[in-house]
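Q: No letters, just coordinates:
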């Protein structure tokens, strides 16, 4: 693991409108440089990313982000069993279902329209492997 990042591998899926030359390929290890993080972070904020997954080298810690129709959700898995789901600053109590992932509905309380918040969560995980302190997270053990 590099001293400037926690993440070992990154997979990103993009909107159809994103030109092929702008897309990050699946990357791991030394290919994950600070400029790659900056590029990915700006793509998240610009609404070009529909899915991102970051894993540490053991794959016991990961971040998964889904974005569809203006809404995004992110969760972090730590040590395989600790789950941290974003709590929406806009709708922190709403159970209204949104179709953001392929795993069934996501309650609005775990989604946001603030793509900058998702960008910050991804950048913090990239660097430290921890949930970003600039928002609230619901912690559960599975």
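A: Sure thing, it's come through. Please read these numbers as outputs of a predicted model, since none were measured by experiment.
Q: the strands in the protein, which residues?
A: 9-14, 27-28, 49-55, 62-68, 71-78, 82-87, 97-101, 104-107, 136-141 (DSSP state E).
Q: Which residues belonging to stretch 103-114 are considered buried?
A: 106-112, 114 (16 or more other CB atoms under 10 Å). No exception for glycine: its C-beta is placed from N, CA and C like everyone else's.
Q: In TSV: the strands of the chain, plus mean pLDDT.
A: What follows is the strands of the chain, written out as TSV (pLDDT from 0 to 100):
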stretch	mean pLDDT
strand 9-14	98
strand 27-28	95
strand 49-55	97
strand 62-68	96
strand 71-78	96
strand 82-87	96
strand 97-101	88
strand 104-107	90
strand 136-141	96
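Q: now for these, which one comes closest to residue 130?
A: strand 71-78 (7.9 Å; CB to CB).
Q: which residues sit against that closest one?
A: 60-67, 83-86, 98, 100-101, 106, 108, 110-113, 115, 118, 121-122, 125, 129-131, 137 (CB atoms under 8 Å, 6 or more residues apart in numbering).
Q: go on, stretch 101-121?
A: 41-42, 44-47, 63, 65-67, 70-76, 85-100, 131-132, 134-135, 138.
Q: Show me just the buried residues among those residues.
A: Counted by 16+ other CB under 10 Å, the contacts of stretch 101-121 give 41, 44-45, 63, 65-67, 71-76, 85-88, 91, 98, 100, 131-132, 135 as buried.
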